[in-house]
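Asker: Would you be able to build a 3D model of this:
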Amino acid sequence: MTRYLAAVALLTLVYALALGSFSPPDLLAGAGLSAALLFASRRFVFGEGGAEAGPDGRGPGLLRRAVAFVPFAAVVFRNILVGTWKVALVTLGLRPLVRPGIVAVPIGERTPTGIAVWAVITGLPPGSFFADVDGERGVVLIHVLDARDPDAYRREQEEFYRRYQSKVFP
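Answerer: Sure thing, here's the model as predicted:
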């Protein structure tokens, strides 16, 4: 309960600073909004229960996720730059389009939230697109610009999940 109240107070302070007003009605509105947002996202923020929880009923805490988000975001940004470069080379005719195609990548330990985040970050870099989830086979289908070595792409996706995504969005 103390964590929840401290989080509400901190978010209310951020709300008041963003608004530039510390009047009682504004503080009350900020507290109400903060409490509602924290209540709706309590499983993610506080890492308790839900599909993201580990065997002990807890997932990674908010501070641990915030710290792990920095390298996660950096790698996603790097992937966007690399994908943009590769697509530009193909578009300008400087590199041939050899074998585009769909690669089936195992879902593994990803939670539904992890799969949703994976879908978004897969579609951000040019050259890849999250096509479908095949729950029966336990794989996702990702269209990639270069599908010559599907096993290498699967290893790359698993490594990204293990090193970066699982610490933020399991």
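Asker: okay, CA-based contacts and neighbour counts for the rest of this
Answerer: Fine.
Asker: remind me which residues of the chain are low pLDDT?
Answerer: Counting by pLDDT under 70, the chain contains low-confidence ranges at 44-60.
Asker: Which parts of the chain are strands?
Answerer: Secondary structure of the chain, counting by DSSP state E: strands at 101-106, 128-134, 139-144.
Asker: out of those strands, which comes closest to Pro71?
Answerer: Ranking those by their distance to Pro71 (criterion: Cα to Cα) puts strand 128-134 first, at 20.8 Å.
Asker: gap between that closest one and the chain center?
Answerer: 15 Å (Cα atoms, centre = their mean, to the nearest Å).
Asker: just stretch 92-104 next, same as before
Answerer: Taking the mean C-alpha point of stretch 92-104 and that of its whole chain, the gap between them comes to 26 Å (Cα atoms, centre = their mean).
Asker: now stretch 163-170
Answerer: Counting by Cα atoms, centre = their mean, stretch 163-170 is centred 8 Å from the centre of its parent chain.
Asker: Let me see the domain layout of this structure.
Answerer: The chain breaks down into these structural domains: 2-40, 62-167 (assignment by automatic domain parsing).
Asker: quick one: the first one to chain centroid distance?
Answerer: In other words, domain 2-40. Centre to centre, stretch against its chain (Cα atoms, centre = their mean), the figure for domain 2-40 is 25 Å.
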